[in-house]
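>>> Starting from these lines, generate the structure:
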Amino acid sequence: MKDIMTIGMLCSNAQLSESGEDVGDPMELALLQAGQKLGLQRDDLLEFYPEKKEEAFSPETKMMATWHTREQDKMVAVKGAPEAVLDASTQVLTTDGQTRKMDETVYEKLLQANETLADEGLRVLGIARKSIDAVQNDPYSSLTFMGFAGLLDPPRKNIQKVIDKFKQAGVRVVMVTGDHPGTASAIAQKLNLPGDGESVIHGDTLKPPEDYTPKERHNLLQSSVFARISPEQKLNLVSLFQADGSVVAMTGDGVNDAPALTKADIGVAMGGRGTQVAREAADIVLKDDNFATIALAMEQGRVIFSNIRKFIVFLLSGNVGAILIVGLAMLFGSILPLLPLQILYLNMISDVFPALALGVGKGEPSVMDKPPRPASEPVVTRTLWMLIFGYGLLIAGTALTGFWISLDKMSLSGERAVTITFLILAFTRTWHVFNMRDAGSSVIFNDVTRNPFVWAAVILSIVLLLVAVYFPPLSRVLTMVVPTSGQWLFVLGMSLIPLVVVQILKQVSFFYKDTHDR
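So this is what the prediction gives:
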C-alpha cells in the first residue's frame, strides 16, 4: 500500500496547506491526504526522490509522469486512466512485493477490477512505475503496474434538488466527464440522470460533428451522460448542442476546458479549484465552486429580466395614456385637459418612484417553474406592445371621461375640470403599478404587493400630489384649484376603474387559459 501511495504522491502537482488553502486537482489532493494517514509526506518523499522532470497530463495519453533520481536509482512515476496505464504496462506488482509478466489473464482481471470500482461510483486512477538508467523521453512504455487508487467523490447533498429545479425550469443538465463510463453511470443514477450502461456515451464512439447524419446527431443529443471525453470532444459537443438550437452553459476548471468555455454561450469556471486560464476564458466565475449557485444566478436573472419588462410596460403605458389624452382632445377641438407643467410634474412623480420600485422586486416564487424564453425573443414582445397600448387607451379613456363629466355633467369651470383630470390621471397611474403583477399570481399577495418599495413609492406619490394641490406656491405654478370633498370622491372613484378592469381581465384570462391547458 505504501509503495502505491508513494508513487501516487510523487506523480502529482497538488500541494496541501496547513492554512486549508490546498492547491491542485481534487483527486491528487485526496491521494496526498490518504498518504498522510499512512505516515507519508510529499515534501519528505521529494527530498528522498528529487523530481527531475515532468510529463504533464495529456488528453491523448490520459496519463502524467514524473522522473525521480536518487544517486544511481532512477525511476518514472506514472498515474492516469486505468485502462491507459494498463495498456502501457508489461509487468504487474504482486501482493507479496514481487513482479510478474502482464499476461492476458492478469490484464483482464485488472480491467474487471477497474470496472467494479467504477461501477461503485469511484473515480479510479491507475498507478505504475519503472526503473530507468537515464532520464528519457518516453515514460509510457514497459511500466510495472502497481495498483488502483479509488476516490469516492459523492455529489453534494443539495445537488439533486438543484437538478430537479433545473428540470422544472426547462433546463437540461448534461454530464460531460473524463471519468470512466461506470463512474459516470453510477453518479448519473444517483442524480436521476439517464445514465445506465447503455445510455452513457463513451468518448471513443464520438465522431467529428460533420460526420453525423441528422438522425445520428438527434439521437446523440438526447443523451445526458458522456464519459471519457477529451477537451476537443467537449468543444465539439458544445457546437453540436448550439447547432441544434440550444443555449449552452458549460462548467469547467482546467486549462483544457478553456476552448469549450469560450465556445459556450455561457462559460462558467470554478473560482476555487479552477485554473487561471479557465477563469479568464469563462463568462462567470463561481467563487464557491457550488453548482447550486448557477441555479440561484439563473433565478435572479429571470427576476431581473421580468422586472425590466414591468418597468418598461409601466412607463410606456402611462406615457401613451398621457399622449392620447392630449392628442384626442386636440383632435376633437376641446380645451386641453392637461397643461404642460402638469404633465411634467406628473411624469416626475409617476415615472420615477413607482417605476424604480418595480425594478427591485424579488419576483414570484414560481419564476423557476416557467420554461426558458427563446433566445431571439425581444425584451418588448408584440404581446407586450399590445398591453402597453391597451393600458394606455384604458388610462386615457378614464381620464377623458372624467374630463367630459366635469365639463358637461358637473358644469365645472375649465380650470377646475383640468385639475380633476390631472388628479384622475395621476392617481390612475399611481394605482397602475399594481397592474404589473405576473399573470396567474394572487390579486392580493403577489410580487408587487410584497415589495415594500412599491408601497413607499405609492405613499410618496400621493403626498406629492397633495402638495401640488394644497401648497399654494406650487398649486399656482401648476394652475391647480382645491377640489371639494365630492370632487375628491369622484377623482378616486374614476382613478380606480383601470385597476379594477385590469385585475378582472387578468383573472378571467388566467382562468380561461388554465381551463384549456388541462
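>>> quick check: longest helix of this protein.
helix 291-331 (DSSP state H).
>>> Please pull up the helix or strand immediately following that one.
Where DSSP states H and E defines the elements, the next helix or strand beyond helix 291-331 is helix 340-350.
>>> Now that following helix - C-alpha only, CSV.
Output in CSV follows, covering the C-alpha atoms of helix 340-350 (Å, rounded to 0.1, in the frame of the first residue of the first chain):
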residue,chain,number,x,y,z
PRO,A,340,-47.6,71.2,-20.0
LEU,A,341,-46.3,71.8,-16.4
GLN,A,342,-48.9,69.4,-15.0
ILE,A,343,-47.6,66.7,-17.4
LEU,A,344,-44.0,67.4,-16.4
TYR,A,345,-44.9,67.2,-12.7
LEU,A,346,-46.9,64.0,-13.2
ASN,A,347,-44.0,62.4,-15.1
MET,A,348,-41.7,63.3,-12.3
ILE,A,349,-44.0,61.6,-9.8
SER,A,350,-45.4,58.6,-11.6
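>>> Now do that helix: which elements does it pack against?
In this structure, helix 340-350 packs against helix 291-331, helix 414-431, helix 452-470, with contacts taken as 3 or more Cβ pairs under 8 Å, 6 or more residues apart in numbering; DSSP states H and E. C-beta here means a position set from N, CA and C on the backbone, and glycine is covered the same way.
>>> for the ones you listed, which one sits closest to residue 443?
Among the helices and strands packed on helix 340-350, the nearest to residue 443 by Cβ to Cβ is helix 414-431 (13.2 Å).
>>> From the contact counts, what lies against the closest one?
Under the contact rule (3+ Cβ pairs under 8 Å, 6+ apart), helix 414-431 is packed against helix 291-331, helix 340-350, helix 382-404, helix 452-470, helix 485-495, helix 497-517.
>>> Could you tell me the angle between the longest one and helix 414-431?
Yep, that's helix 291-331 we're talking about. 160 degrees (axes from the mean of the first three to the mean of the last three Cα atoms, to 10 degrees).
>>> Same question for the third one.
With the same axes, to 10 degrees as the criterion, the two stretches helix 382-404 and helix 414-431 enclose an angle of 150 degrees.
>>> likewise the fifth one?
Calculated by the same axes, to 10 degrees, helix 485-495 forms an angle of 40 degrees with helix 414-431.
>>> Give me the buried positions along helix 485-495.
Across helix 485-495, burial judged by 16 or more other Cβ atoms under 10 Å covers 487, 490, 491, 494, 495.
>>> And the residue lying closest to residue 329 once chain neighbours are set aside, its phi and psi?
Leaving aside its sequence neighbours, residue 329 sits nearest to residue 337 (Cβ to Cβ, 6 or more residues apart in numbering; 5.2 Å). Residue 337 adopts backbone torsions of phi -80, psi -10, taken as degrees, to the nearest 10.
>>> distance of residue 337 from residue 422?
8 Å (Cβ to Cβ, to the nearest Å).
>>> same thing with residue 410?
Applying Cβ to Cβ to residue 410 and residue 422 gives a distance of 16 Å.
>>> These two: which is more packed in?
residue 422 (28 against 15; other Cβ atoms under 10 Å).
>>> Wait, the more buried one touches residue 350, no?
No: Residue 422 is beyond contact range of residue 350, at 11.4 Å (criterion: Cβ atoms under 8 Å).
>>> three-state assignment of residue 60?
coil (DSSP: H, G, I helix; E, B strand; the rest coil).
>>> Provide a list of residues in contact with the closest residue to it other than its chain neighbours.
Nearest residue to residue 60, sequence neighbours excluded (Cβ to Cβ, 6+ apart): residue 230, at 7.7 Å. Contact analysis of residue 230 by Cβ atoms under 8 Å, 6 or more residues apart in numbering lists 59, 60, 178, 203.
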